[in-house]
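> missing the sequence, but the structure's below:
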């Protein structure tokens, strides 16, 4: 349509094609939902073969009030709301000191294994000597065998870890015994059902009375109060006996106290970021707002780094600034290749580094508690910067510089964007071609891993590698959805926008998506290995981005038809937006709302299928999954949701053998 004259009657053909295009896109959206919904429902009901059964029955509890921050009180509170339906309730503890000791011990374990691997690869290699004590410029200090030193440090840290662990165990026992006494003596579990009738004043008063009891009982032991304040957190988990009770607890308001007992289905244990598990939910929300503000500002000034990538295309300017640098002549074929593709490659490199920065803010600044939350955050802002790139290419300036004109004359801004779309088609076509011919082969070959492992094995032969290094190098990487999806959706956005304006892009986009399907299908089935199974929880968010792309394309098409003086055609194109909205509204209301959690009806059906409800409500908990009965002490090695540092039986206290067969031989000798 970009080549049509203003007011041309051929625009009627464009309208017919556009309606067919929109209907086909919405049809495929609809069909994807039809395939997704039963699979998602089955996952929520039955889980996955690779997921633990605890995952299906466990809730993550946030904003636990101070008066109930102990495992015993948490268990009693939920047992009061759901009598006889609680398997275990546990409060997460702040274990920073123990985590630091275990992390330091792991460092020395790795050093020992690497040093021992040198001897295993070549027994004639002399032991490395290291210097201890004060020394200046490598002078002074006592030399000692590195293996002996590393082993001594491992032994020391084992003792420190045991001491820290015993402190936490003693604190847990002291806290449990005190809370059990308080429950029996004072009846101190806040009854939320009574608080509803008594009103807000009684509710607050009851909580303060309980806190006063807690303090008065321990006035003689201020050390315990200080330890309690530093050790307990506002986060815990509760595992239920059946799925229907778990869903009821997840979907209803538990307490009359505001901002308390926020519940959500617990992430899969392998999906948890355990170092962030005790982070208060309020702190996460606050830091999310700060981080969002930072990334919004970064998007507004995104023109600065992108302008640099575009300046690379000005080879004549580079020739004048750097006369010593070889630049091909303008007549050479290489000149056109460099000026056309170098900016695209530079921008792709920049966009590769961007998710790393977003991931850092999600894990270290906000400190989300699950990897899937981190992935979602990367997904959101990575795609946001893709949109910023689209804006910069079309408008030719930063969003910040255009804010005043957008606010004062929003209609003119939209018209300017629509009129600039055809002129930028070559740039976006280059992006699609580059992603097809370079990006997909790079993904299929996993060039990063090939180059790194190749160089590493050249520098260090396999016989000098420790067993841990070999296992880590052979461990499959997870597919980072937050980094993978946004570039693909960006190509989808380009395809939608240019479908009716510059349709020559569509064959290239179709080739890209066909090859992407083959490449990523192969990678997911045979190369990548996910840490946790999310049951396609990504799909609703993915749909939101895709339908937003379609809305964007429809608005631009409508405005561009108006620029071409096709008033009747523009009016008809508006009804395509209305039709899309109606389909989108129906999908969100009837489909998307039912995918985040399981309905009580489906949960009860799952309980019946599991055999839990087939005879009577009085059943054995072990019909669902094996449990120790819920001692609520918080250090059970058999519970998947116990903090890893508190699972004493899973600790790694000794270095791995040089090779696994060495360990097998020792076992056989025993």
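Great, that's in hand. All figures in this text were calculated on a predicted structure; none of them were measured in a lab.

> Could you check the pLDDT of residue 460?
Looking at residue 460, its pLDDT reads 79.

> start at 57 instead
Right, with 57 as the first residue, what we last looked at is residue 516.

> number of nearby residues for it?
For residue 516, the count of nearby residues is 15 (other C-beta atoms under 10 Å). No exception for glycine: its C-beta is placed from N, CA and C like everyone else's.

> what's the spacing between it and residue 384?
As defined by C-beta to C-beta, to the nearest Å, residue 516 lies at a distance of 40 Å from residue 384.

> OK, contacts around residue 365?
Residues in contact with residue 365 (C-beta atoms under 8 Å, 6 or more residues apart in numbering) are 399, 402-403, 406.

> Which of those are buried? Put it as a PyMOL command.
In PyMOL, this line selects whichever of these come out buried by 16 or more other C-beta atoms under 10 Å:
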select buried, resi 399+402+403+406
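
> Include distance to residue 510 and secondary structure when you put the contacts of residue 365 into JSON lines, please.
Formatted as JSON lines, the contacts of residue 365 follow (distance: C-beta to C-beta, whole Å; DSSP: H, G, I helix; E, B strand; the rest coil):
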{"residue": "399", "distance to residue 510": "29", "secondary structure": "helix"}
{"residue": "402", "distance to residue 510": "25", "secondary structure": "helix"}
{"residue": "403", "distance to residue 510": "27", "secondary structure": "helix"}
{"residue": "406", "distance to residue 510": "26", "secondary structure": "helix"}
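
> Spatially, which two of the contacts of residue 365 are the most separated?
399 and 406 (10.4 Å; C-beta to C-beta).

> Show me which positions of stretch 155-170 end up buried.
155, 157-158, 160-161, 164-170.

> Out of these, which is nearest to residue 146?
residue 155 (17.4 Å).

> looking at it, the closest one is touching residue 334, isn't it?
No - counting by C-beta atoms under 8 Å, residue 334 is not a contact partner of residue 155; they are 10.4 Å apart.

> rewinding a little: how about the buried residues of stretch 155-170 in CSV, adding distance to residue 231, secondary structure and pLDDT?
Compiled in CSV, the buried residues of stretch 155-170 are given as follows (distance: C-beta to C-beta, whole Å; DSSP: H, G, I helix; E, B strand; the rest coil; pLDDT from 0 to 100):
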residue, distance to residue 231, secondary structure, pLDDT
155, 20, helix, 92
157, 22, helix, 94
158, 22, helix, 94
160, 27, helix, 93
161, 27, helix, 94
164, 32, helix, 93
165, 32, helix, 94
166, 35, helix, 93
167, 37, helix, 92
168, 37, helix, 92
169, 38, helix, 91
170, 41, helix, 89
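
> the strands in the chain, which residues?
114-118, 142-149, 185-188, 198-201, 288-296, 318-321 (DSSP state E).

> Find the one among the ones you listed with the highest mean neighbour count.
Sort the strands of the chain by mean neighbour count, taking mean count of other C-beta atoms under 10 Å, and strand 142-149 sits at the top with a mean of 25.

> State the mean pLDDT of that one.
pLDDT averaged over strand 142-149 gives 90.

> Now do it against strand 288-296, angle only.
160 degrees (axes from the mean of the first three to the mean of the last three C-alpha atoms, to 10 degrees).

> In the sheet, which strands lie alongside strand 142-149, parallel or antiparallel?
Strand 142-149 sits in its sheet next to strand 288-296 (antiparallel), going by DSSP bridges.

> And the contacts of the partner strand?
Contacts for strand 288-296 (C-beta under 8 Å, 6+ apart): 110, 113-120, 125-127, 130-131, 134, 138, 141-150, 231, 302, 305, 322, 333-337, 425, 683, 686, 695, 697.

> show me what contacts residue 85?
Here residue 85 is in contact with 599, 602-603, 639, 643 (C-beta under 8 Å, 6+ apart).

> Can you name the two of these that sit furthest apart?
602 and 639 (12.6 Å).

> where do the helices sit along the stretch 457-606 of the chain?
466-476, 481-490, 496-501, 503-515, 523-530, 537-554, 561-582, 595-619 (DSSP state H, counting those that start in this stretch).

> what's the distance between the residue lying closest to residue 324 once chain neighbours are set aside and residue 577?
Counting by C-beta to C-beta, 6 or more residues apart in numbering, residue 324 lies nearest to residue 588, which is 4.0 Å off, once chain neighbours are set aside. To residue 577, residue 588 is 20 Å away according to C-beta to C-beta.

> What is the least confident helix or strand in this protein?
helix 248-254 (a mean of 37; mean pLDDT, DSSP states H and E).

> For the closest residue to residue 210 other than its chain neighbours, list the residues it contacts.
Using C-beta to C-beta, 6+ apart and skipping residues adjacent in sequence, the residue nearest residue 210 is residue 164, 5.1 Å away. Neighbouring residues of residue 164 by C-beta under 8 Å, 6+ apart: 206, 209-210, 213.

> Pull the contacting residues for the residue nearest to residue 324.
107, 323-327, 427-428.

> Also residue 167?
So residue 167 contacts 202, 206 (C-beta under 8 Å, 6+ apart).

> Residue 173 now?
520-523, 525, 714.

> is it true that residue 118 touches residue 337?
Yes - using C-beta under 8 Å, residue 118 is in contact with residue 337, at 4.1 Å.

> residues shared between the contacts of the two?
Between them, residue 118 and residue 337 share the contacting residues 290-291, 318, judged by C-beta under 8 Å, 6+ apart.

> Adding distance to residue 178 and pLDDT as columns, could you present the residues you listed in TSV?
Below are these laid out as TSV (distance: C-beta to C-beta, whole Å; pLDDT from 0 to 100):
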residue	distance to residue 178	pLDDT
290	54	91
291	50	93
318	58	92
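
> Look up how far residue 214 lies from residue 705.
Taken as C-beta to C-beta, the span from residue 705 to residue 214 is 14 Å.

> okay, the two: which has more neighbours?
residue 214 (16 against 8).

> Is it correct that that one is in contact with residue 704?
No - Residue 214 is beyond contact range of residue 704, at 11.6 Å (criterion: C-beta under 8 Å).

> Which pair of the contacts of residue 588 spans the longest distance?
107 and 427 (14.4 Å).

> Comparing those two, which residue is more hemmed in?
residue 427 (24 against 20).

> Report pLDDT for that one.
pLDDT at residue 427 comes out at 91.

> I figured it was touching residue 329, is that so?
Yes - counting by C-beta under 8 Å, residue 427 touches residue 329, with 6.3 Å between them.

> With pLDDT and distance to residue 553 added, can I get the contacts of residue 365 in JSON lines?
As requested, these are exported to JSON lines (pLDDT from 0 to 100; distance: C-beta to C-beta, whole Å):
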{"residue": "399", "pLDDT": "74", "distance to residue 553": "20"}
{"residue": "402", "pLDDT": "78", "distance to residue 553": "23"}
{"residue": "403", "pLDDT": "73", "distance to residue 553": "18"}
{"residue": "406", "pLDDT": "81", "distance to residue 553": "22"}
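
> from the contacts of residue 365, which single one is nearest residue 492?
Of the contacts of residue 365, the one sitting nearest to residue 492 (C-beta to C-beta) turns out to be residue 403, at 16.2 Å.

> What's the separation between the closest one and residue 561?
Distance from residue 403 to residue 561, by C-beta to C-beta: 18 Å.

> Give me the neighbour count for the residue lying closest to residue 603 once chain neighbours are set aside.
Leaving out its chain neighbours, the residue that sits closest to residue 603 by C-beta to C-beta, 6+ apart is residue 640, at 5.4 Å. Residues lying near residue 640 (other C-beta under 10 Å) number 19.

> residues in contact with residue 635?
Residue 635 makes contact with 78, 82 under the criterion C-beta under 8 Å, 6+ apart.
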